[in-house]
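> What follows is a predicted protein model with its sequence.
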Amino acid sequence: MGNTFGQLFRITTWGESHGGGVGVVVDGCPPQLTLTEADLQPDLDRRRPGQSKIVTPRKETDEVKILSGTFEGKTLGTPISLMVRNEDQRSEAYNEMATKFRPSHADYTYQAKFGIRAWPGGGRTSARETIGRVAAGAIARKILKEQFGVEILAWVQSVKDIVATVDEEKVTFAQVESNIVRCPDPAMAEKMIALIEQARNDGNTVGGVIQCVARKVPAGWGEPVFDRLEADLAKAMMSLPATKGFEVGSGFAGTALTGLEHNDPIRNVGGEVHTTSNRSGGVQGGISNGETIYFRTAFKPVATVMHEQDTVDTQLQNTTLKGRGRHDPCVLPRAVVMVEAMTALVLADHALRQRAQCGK
């Protein structure tokens with residue numbers, strides 16, 4: 001029911017954390033797009049566990065296989081099925097969770113909804129589900145770059161109360177990837193890494209904010225009234241595990257300004273329309289205005305902590321539970337590519353809808 005996202009460029013993800021594998025079916029990809037596993041693997045490598053000392057040590061190669069939808073290295077216009085096998089499950093670490101609900105996880109709510117749940121690794125609620133999104137997002141990113149010239153980039157803006165200082169218009173991929181926390185501010189990145197390591201040593205976790213920009217998005221993308229571009233971006237971001245907030249442009253800080261202070265003046269510059277500021281975040285009336293789209297997504301601290309906490313069991317009896325297994329002390333470094341992927345999926349869908357409706 002709720003496993004499909006998008007309209008013209010549509011994805012359906014599948015799989016559980018400790019099942020045979022996870023993946024996605026992509027429908028609506030235009031034909032004759034050059035596509036092989038090599039186009040998808042780099043983003044999956046940025047998402048995979050075990051890549052640094054500040055993420056979960058679970059060892060997975062996350063090697064993607066294209067099962068359908070291509071021929072001789074080009075897309076056919078038919079559904080593209082992608083699969084990644086699970087290789088390093090340790091379900092025994094979750095035995096106690098078979099009869100006890102983990103605090104602030106989806107254990108209880110899934111049980112309440114379905115009457116059954118795959119408790120090893122959190123099953124479908126695990127962030128491993130995002131592998132399918134990232135793989136599909138790599139296809140969407142390729143369409144956007146090659147056919148529309150759009151660039152998408154995200155980074156860790158803050159961890160707990162440590163906040164980076166960056167120029168969002170000038171941040172580069174190389175700067176983001178220059179350190180394991182994926183923050184383009186080197187001084188703050190060192191502090192973030194130290195904080196995450198301390199949280200792990202304390203058996204605790206921390207959250208923070210990821211900022212994302214989409215550059216060179218042409219004016220006109222987005223659909224009034226219910227499919228506003230920022231509304232679809234908000235839904236995309238809030239569908240990611242551990243997200244708790246979304247703001248575009250000036251966001252909540254804009255409420256402290258007057259209309260005169262907040263408005264983005266418009267000028268004709270060499271025959272092109274531009275705004276002299278960008279507090280709107282590149283979207284006005286739910287439609288892109290040609291400026292850089294930027295937004296922020298808040299991620300809560302990972303729910304699994306290595307301390308005893310109050311909970312109930314499957315018989316609804318009061319008990320306690322201590323976290324076990326392999327987990328991220330902070331989801332942000334690996335979530336950067338997830339945010340990029342969901343942004344690409346939204347923009348690719350709206351790009352194709354704009355082309356279908358207006359021919360451009």
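Received, thanks.
> For the longest helix seen in the chain, the averaged confidence score.
What stands out as the longest helix in the chain, according to DSSP state H, is helix 332-358. Confidence for helix 332-358, expressed as mean pLDDT, is 97.
> what comes up buried for that helix?
By neighbour count on 16 or more other CB atoms under 10 Å, the buried set for helix 332-358 is 332-354. (Glycine included, C-beta is placed from N, CA and C.)
> what about this protein, any weak spots by pLDDT?
Residue ranges of the chain with pLDDT under 70: 1, 58-59, 88-93, 325.
> Which stretches in it count as helices?
So, for the chain - with DSSP H - the helices run 37-47, 107-114, 130-143, 173-176, 186-201, 229-238, 259-262, 332-358.
> can you list these in TSV and add distance to Glu63?
Below are the helices of the chain laid out as TSV (distance: least, CB to CB, whole Å):
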stretch	distance to Glu63
helix 37-47	7
helix 107-114	29
helix 130-143	11
helix 173-176	23
helix 186-201	27
helix 229-238	26
helix 259-262	48
helix 332-358	16
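> what's the most buried one of the ones you listed?
helix 130-143 (a mean of 26; mean count of other CB atoms under 10 Å).
> Could you list every helix and strand in contact with that one?
Under the contact definition 3 or more CB pairs under 8 Å, 6 or more residues apart in numbering; DSSP states H and E, helix 130-143 sits against strand 10-15, strand 21-27, helix 37-47, strand 80-85, helix 332-358.
> Mind putting the ones you listed into JSON lines with distance to Asn95?
Below are those laid out as JSON lines (distance: least, CB to CB, whole Å):
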{"stretch": "strand 10-15", "distance to Asn95": "22"}
{"stretch": "strand 21-27", "distance to Asn95": "22"}
{"stretch": "helix 37-47", "distance to Asn95": "27"}
{"stretch": "strand 80-85", "distance to Asn95": "23"}
{"stretch": "helix 332-358", "distance to Asn95": "26"}
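> contacting residues for the nearest residue to Gln111 once chain neighbours are set aside?
Nearest non-adjacent residue to Gln111, counting by CB to CB, 6 or more residues apart in numbering: Arg117, 5.3 Å away. Counting by CB atoms under 8 Å, 6 or more residues apart in numbering, Arg117 touches Asp107, Tyr110, Gln111, Gly123.
> Next up, phi/psi of the nearest residue to Gly323 once chain neighbours are set aside, please.
Nearest residue to Gly323 in three dimensions, chain neighbours excluded: Thr304, at 4.3 Å (CB to CB, 6+ apart). For Thr304, the backbone dihedrals are phi -80, psi 110 (criterion: degrees, to the nearest 10).
> now swap in Cys29 and tell me
According to degrees, to the nearest 10, Cys29 has phi -70, psi 130.
> since we're on the nearest residue to it once chain neighbours are set aside, how many residues are nearby?
Once flanking residues are discounted, Cys29 sits nearest to Thr75: 5.2 Å by CB to CB, 6+ apart. Using other CB atoms under 10 Å, Thr75 has 21 other residues around it.
> ok, now how distant is the residue nearest to Gly323 from His327?
Relative to His327, Thr304 is positioned 4 Å away (CB to CB, to the nearest Å).
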